[in-house]
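In: quick one, what's the 3D model for this:
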Amino acid sequence: AIGTGGFRGECAHYSLKAMEMQIEYAACYRRMFGHDLSPYPDATLAIPRMMFCHYFPESPQAKPVKLYINGWSDLWGHMLAYGYPLAPDNMKGAYLWAWNRQMGVLGPEDLTKLAAGKGFGAEGEAVWFFLSYPLETKPQHPSESMPLTWQAPDHGFYGFRNSWKGRGDFVLLIHARTHAPGGWNGPNTGTFRLFGLDQSWNDTYSGREICAWEENRVMLPEDPAFDAGLGRVTHVAAEPDGSGAVSIDMSDVYNPASGRAYSMYGNVREPNVFKDAKIRALRAFGVDYSGKSGAPCLFVLVDRIVGGKSRLWTWNLGDAAVVPKV
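Out: Residues are numbered from 1 along each chain as shown. Below you'll find the model as predicted:
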């Protein structure tokens, strides 16, 4: 379901559709029984994790810019209403700040503008909004409470950003795809997203029909591939300034399986189906925000592949995630 760290495996809009009822149920469960449905930080971190996948321009009139990675990360109004009671207390001020930015208001005094206009339709069910929107909490800028790195290891999501200031923000998102998804998905193991200098530097496909050629990784066009192959994270490092590194064993992606490779529950890998594997692949990411390189962001990507024939390294450009002019 929603794994530790608030990341779900489905792609396209299903990544949100698969979470919205779970978050709603988790909020109802807590209110009814006085404790969380799950003992793990999963549904409680789903919306804050999606906030992490956004760029917030400095201008309060500018809408947040969503950065897709393995599906949508839109801050849907009704999901914001469901998730606020669940959010960790230390993040609620930043959550409210992002919620207000998404609605285009500064605080409760501006809500009458929404009600007098098109209403709360775009912000979700009115009853949930009434129950969840806080009147006593003060919005807090994300830089005061939100982390600069994020880890959701169950499904293999990792994020690194240098700041929450707006202009000057760099954001790296990585999807290792470490768990067999139970719903709509595609061959995007090891894909990534890099944003900085007010624009996206590559694109990951956010639609229903994921194609491996559109996922910014090494293709072996003369060798058979295994679209359902998962990654295995072998190393993670995260620094206080947002810098970090992730290494992923991607051998399964390049070696066809002779049967069911992973169990749906427990995520158990069946090694015997890969007994004839002839290709070994490792992908390693590194990002340094220290400034020691002479630039605010140093990004490094290394692919080491042993075996196979020709290689074609893909980097897909073009994306709508460019900061709008206000």
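
In: I'd like the next helix or strand past the helix or strand of the chain with the lowest mean pLDDT.
Out: Here the helix or strand of the chain ranked lowest by mean pLDDT, DSSP states H and E is helix 111-116, holding a mean of 68. Proceeding N to C from helix 111-116, the next assigned helix or strand is helix 126-132, under DSSP states H and E.

In: for that following helix, buried residues please.
Out: 128-129, 132 (16 or more other Cβ atoms under 10 Å). From N, CA and C alone the C-beta is placed, and that goes for glycine too.

In: what is the neighbour count of Lys138?
Out: Neighbour count of Lys138, defined by other Cβ atoms under 10 Å: 10.

In: give me every residue that touches it.
Out: 93, 96 (Cβ atoms under 8 Å, 6 or more residues apart in numbering).

In: please give the element, helix or strand, for it.
Out: Residue-wise, Lys138 maps onto no helix or strand under DSSP H and E.

In: ok, it to Tyr95 distance?
Out: Per Cβ to Cβ, to the nearest Å, Lys138 is found 12 Å from Tyr95.

In: and Tyr68, by the same measure?
Out: 21 Å.

In: who's in contact with stretch 16-34?
Out: With Cβ under 8 Å, 6+ apart as the criterion, stretch 16-34 contacts 1-2, 8, 10, 36-38, 43-44, 46-47, 71-74, 76, 78-79, 82-83, 85-86, 128, 132, 183.

In: doesn't Pro181 make contact with Asn267?
Out: No: when contacts are counted by Cβ atoms under 8 Å, Asn267 is not listed as touching Pro181 (10.6 Å).

In: higher neighbour count, these two?
Out: Neighbours per residue, other Cβ under 10 Å: of Asn267 and Pro181, the larger number sits with Pro181, 21 against 14.

In: the more buried one - nearest residue in space that isn't next to it in sequence?
Out: Spatial nearest neighbour of Pro181, excluding adjacent residues (Cβ to Cβ, 6 or more residues apart in numbering): Gly9 at 3.5 Å.

In: roughly how far apart are that neighbour and Ser145?
Out: 27 Å.

In: can you map out the strands along the stretch 101-250 of the chain?
Out: 149-152, 157-161, 171-175, 191-196, 199-200, 218-219, 232-238, 244-249 (DSSP state E, counting those that start in this stretch).

In: C-alpha coordinates for the longest helix belonging to the chain, PDB please?
Out: In the chain, ranked by residue count with DSSP state H as the criterion, the top helix is helix 14-33. What follows is helix 14-33, C-alpha atoms only, in PDB (Å, rounded to 0.1, in the frame of the first residue of the first chain):
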ATOM      1  CA  TYR A  14      -3.200   6.100 -10.100                       C
ATOM      2  CA  SER A  15      -0.400   7.000  -7.700                       C
ATOM      3  CA  LEU A  16      -2.900   9.500  -6.300                       C
ATOM      4  CA  LYS A  17      -6.100   7.500  -6.800                       C
ATOM      5  CA  ALA A  18      -4.600   4.600  -4.900                       C
ATOM      6  CA  MET A  19      -3.800   6.800  -2.000                       C
ATOM      7  CA  GLU A  20      -6.700   9.100  -1.600                       C
ATOM      8  CA  MET A  21      -9.100   6.600   0.000                       C
ATOM      9  CA  GLN A  22      -6.400   5.200   2.200                       C
ATOM     10  CA  ILE A  23      -5.500   8.600   3.600                       C
ATOM     11  CA  GLU A  24      -9.200   9.400   4.100                       C
ATOM     12  CA  TYR A  25      -9.700   6.100   5.900                       C
ATOM     13  CA  ALA A  26      -6.600   6.600   8.100                       C
ATOM     14  CA  ALA A  27      -7.800  10.000   9.200                       C
ATOM     15  CA  CYS A  28     -11.300   8.600  10.100                       C
ATOM     16  CA  TYR A  29      -9.600   5.700  11.900                       C
ATOM     17  CA  ARG A  30      -7.500   8.000  14.100                       C
ATOM     18  CA  ARG A  31     -10.500  10.200  14.900                       C
ATOM     19  CA  MET A  32     -12.600   7.200  15.800                       C
ATOM     20  CA  PHE A  33     -10.200   5.100  17.800                       C
END
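
In: next SSE downstream of it?
Out: Per DSSP H and E, the first helix or strand lying C-terminal to helix 14-33 is helix 46-52.

In: neighbouring contacts of that following helix?
Out: Defining contact as Cβ under 8 Å, 6+ apart, one finds that helix 46-52 is touched by 2, 5-8, 19, 23, 73-75, 79-80, 83-84, 86-88, 91, 94-95, 98, 142, 146-147, 150, 152, 157, 159, 161.

In: now the buried members of these.
Out: 2, 5-8, 19, 23, 73-75, 79-80, 83-84, 86-87, 91, 94-95, 98, 142, 146-147, 150, 152, 157, 159, 161.

In: that's all I had, so thanks and see you.
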